[in-house]
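1. Have a look; sequence and predicted model below, questions after that.
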Amino acid sequence: SLCMIVKNEERFLAECLRSVCDVVDEINVVDTGSTDRTVDIAREFGANVIFREWRDDFGWARNESLALATRRWTLVLDADEEIAPESHAHLRALRETPAEYSAVYVQIQNLVDDESGQGSTMTHILPRIFPTSPRIRYRNVIHENVVLDGNVHLRASLSPILVRHKGYT
């Protein structure tokens, strides 16, 4: 299950969804007030779209999207991110992997343009794949993190799955 929160993301959303449409079984989108073509683009990819008024709380919004997930594993992406094609096989392998209460760290590669027009990258890891369960939710208004039963950080394994983040370009 791909779970996302969006607002006015027409610039990146189609590329994001195109990058995962062959590796996820469902797309769940919480729109928090788009006034552009975001919702239309999501629906073109078969997304289940619901609407929630923005509460200035990223954790809450992410949890609204998690509540829609029905598959064994949940993948969380932002609209300005894409799964690298070389990561598709790793994501497909999760379909056969038992889901308990551990997460999968993915590599987030931030693509950055500086004032000179030179591009650079900065990479970090985040737990963006985890079992679908009402016991697993996000906490914190910003810099939200995923926890089990409200306060226990999930065990996590590092994976070679690469997410390209374009939001800094």
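-> Arrived safely, thanks for sending.
2. Name the helix or strand for the closest residue in space to residue 49 that isn't next to it in sequence, please.
-> Closest residue to residue 49 apart from its sequence neighbours, by Cβ to Cβ, 6 or more residues apart in numbering: residue 29 at 4.8 Å. Heads up, the C-betas are built off the backbone N, CA and C, glycines and all. According to DSSP states H and E, residue 29 maps onto strand 27-31.
3. neighbouring contacts of the next helix or strand after that strand?
-> Counting by DSSP H and E, the element after strand 27-31 in chain order, helix or strand, is helix 38-44. When contacts are defined by Cβ atoms under 8 Å, 6 or more residues apart in numbering, helix 38-44 is touched by residues 6-10, 13-14, 17, 27, 29, 31, 49, 79.
4. hmm, try it at 7 Å
-> 6, 8-10, 13-14, 29, 31, 49 (Cβ atoms under 7 Å, 6 or more residues apart in numbering).
5. pLDDT weak spots in the protein?
-> 113-119, 168-169 (pLDDT under 70).
6. that older thread, run a quick check on the residue nearest to residue 49 versus residue 45, I expect a contact.
-> No - the criterion here is Cβ atoms under 7 Å, and residue 29 misses it with residue 45 at 9.1 Å.
7. out of these two, which sits in the busier spot?
-> residue 29 (27 against 17; other Cβ atoms under 10 Å).
8. do you know how far that one is from residue 4?
-> The gap separating residue 29 from residue 4 is 5 Å, by Cβ to Cβ, to the nearest Å.
9. One more: residue 74?
-> In terms of Cβ to Cβ, residue 74 sits 11 Å off from residue 4.
10. what separates the residue nearest to residue 49 from residue 81, distance-wise?
-> 14 Å.
11. neighbours around residue 93, how many?
-> Using other Cβ under 10 Å: residue 93 sits among 10 other residues.
12. again, but for residue 158
-> 11.
13. how far does the host helix or strand of residue 88 sit from the chain's center?
-> According to DSSP H and E, residue 88 maps onto helix 88-93. Centre-to-centre, helix 88-93 and its host chain are 16 Å apart (Cα atoms, centre = their mean, to the nearest Å).
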